[in-house]
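K.L.:
Take a look and give me a structure for this.
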Amino acid sequence: MSWLFYYFIFPGLLFSIIMGLLLSWVDRKTSARLQWRVGPPWYQGFLDILKLSGKETILPESAGWVFLAVPYLGFLSLGLASAIIGSSIFFPGASFLGDIIVVVYVLTMPAIALIIGASSSGNPLAAVGASREMKLALAYELPFLLSVIAVVVRSGISIRLNQVLGHQALYGSNIFSYSGALAFICAIFCIQAKIGLPPFDISEAEQEIMAGVLIEYSGLPLAIFKLTKAMLLYTMPLFLTVLFLGGDVGPAMVALKVAGIVLLLVLIKNTNPRLRIDQALKFFWGPVTLLSLASLVLAVIGL
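P.N.:
Numbering: from 1, shown residues only. Predicted coordinates:
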């Protein structure tokens, strides 16, 4: 099967767009029910993206081509990440040596796109948002990487996603070990920040800096950023499913596991107030990093 099909159709770009928008509805619907509201219909996310795409794109006076180009950096990168992760589940033969390294690298692109786009807009509030996003990324990437390394060590120093799944099929899901459980807890907090969900939505913070990194975006570029965030809501839980919840990876079980992780993220979102940037840095560089180091040590000694 052609790599173009993997990337553009299934399990890549198109499939991740559809799943991301459906999971964003799960997020909004669950949040609404927790707040005693009805919530939107399942197709609301699709309508929002279509409406934004038809709006006029207003270019700030000091912005150039970089401002318009960077939204596609994170969007296309997530298509690649979802294709690699999904292929390890549905087409194990498509997995390649070092695909875990590629996925971890590619998943940093949405944050980089936000930082570059906001910095090139010339808006001081966007600059504040970009500064916050940069500091936050520096904070959560280390414990996230340590959590992934712990899984790699548990899987016999394997850096192929299909081998990580194969190890779990033989010996049980990584989350049922001491090292795997600690690494999973750290990874959950890290992907909450990667997706930009409360309490780590510091770079947007509508009540403080009026959407921050996205303040100058409109029309199609804003739609691409919104779509990227929705795709993250699918791609990141899928990655955690492969790393920690392997074993039975049939389509129905994968869907249940991804939905379970999304619901956990939504519960964290709705039960915690937004942190200040200094509080977030202390949280990730303190207890989360220490927990991820502990998980790595336990993985090395075989617990």
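
K.L.:
and residue 299, what helix or strand is that in?
P.N.:
Following DSSP states H and E, one finds residue 299 within helix 289-301.

K.L.:
average pLDDT across that helix?
P.N.:
What helix 289-301 shows for mean pLDDT is 96.

K.L.:
where's residue 121 relative to residue 215, distance?
P.N.:
7 Å (Cβ to Cβ, to the nearest Å). C-beta: built from backbone N, CA, C; applies to glycine.

K.L.:
More neighbours: which of those two?
P.N.:
Neighbour count, other Cβ atoms under 10 Å: between residue 121 and residue 215, residue 121 has more, with 24 against 20.

K.L.:
Can you pull the phi and psi angles for the closest residue to the more buried one other than its chain neighbours?
P.N.:
In this structure, residue 121 finds its nearest non-sequential neighbour in residue 216, 4.0 Å apart by Cβ to Cβ, 6 or more residues apart in numbering. Per-residue torsions, residue 216: phi -100, psi 0 (degrees, to the nearest 10).

K.L.:
swap in residue 43?
P.N.:
Per-residue torsions, residue 43: phi -90, psi 10 (degrees, to the nearest 10).

K.L.:
give the contact list for the closest residue to it other than its chain neighbours.
P.N.:
Once flanking residues are discounted, residue 43 sits nearest to residue 25: 7.9 Å by Cβ to Cβ, 6+ apart. Contact partners of residue 25, counting by Cβ atoms under 8 Å, 6 or more residues apart in numbering, are 40, 41, 42, 43, 44, 45.

K.L.:
next one: residue 229
P.N.:
So residue 229 contacts 24, 110, 195, 196 (Cβ under 8 Å, 6+ apart).

K.L.:
Inside helices: which ones of those residues?
P.N.:
24, 110, 195 (DSSP state H).

K.L.:
Report the buried residues of the lengthiest helix in the chain.
P.N.:
Using DSSP H to define each element, the chain has its longest helix at helix 124-154. By neighbour count on 16 or more other Cβ atoms under 10 Å, the buried set for helix 124-154 is 125-137, 139-144, 146-154.

K.L.:
ok, the residue nearest to residue 121 to residue 113 distance?
P.N.:
Relative to residue 113, and taking Cβ to Cβ, residue 216 is found at 14 Å.

K.L.:
closest to residue 93 among the contacts of residue 25?
P.N.:
residue 45 (33.0 Å; Cβ to Cβ).

K.L.:
coming back round to it: only whichever of the contacts of residue 25 are buried, select them in PyMOL.
P.N.:
Only the buried entries of those go into this PyMOL selection, using 16+ other Cβ under 10 Å:
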select buried, resi 45
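
K.L.:
Out of the contacts of residue 25, which sit inside helices?
P.N.:
Using DSSP H, the contacts of residue 25 in helices are 44, 45.

K.L.:
farthest pair in the contacts of residue 25?
P.N.:
Greatest spatial distance among these (Cβ to Cβ): 41 and 45, at 9.6 Å.

K.L.:
who are the neighbours in contact with the closest residue to residue 212 other than its chain neighbours?
P.N.:
Closest residue in space to residue 212, ignoring its immediate chain neighbours: residue 129 at 2.5 Å, by Cβ to Cβ, 6+ apart. Residue 129 is in contact with 114, 118, 203, 204, 205, 209, 211, 212, 213, 214, 215, counting by Cβ under 8 Å, 6+ apart.

K.L.:
dump the residue contacts of the first one.
P.N.:
Residues in contact with residue 114 (Cβ under 8 Å, 6+ apart) are 74, 129, 130, 133, 203, 213, 214, 225.

K.L.:
closest to residue 7 among those residues?
P.N.:
residue 74 (15.5 Å).

K.L.:
The closest one touches residue 108, doesn't it?
P.N.:
No: counting by Cβ atoms under 8 Å, residue 108 is not a contact partner of residue 74; they are 9.4 Å apart.
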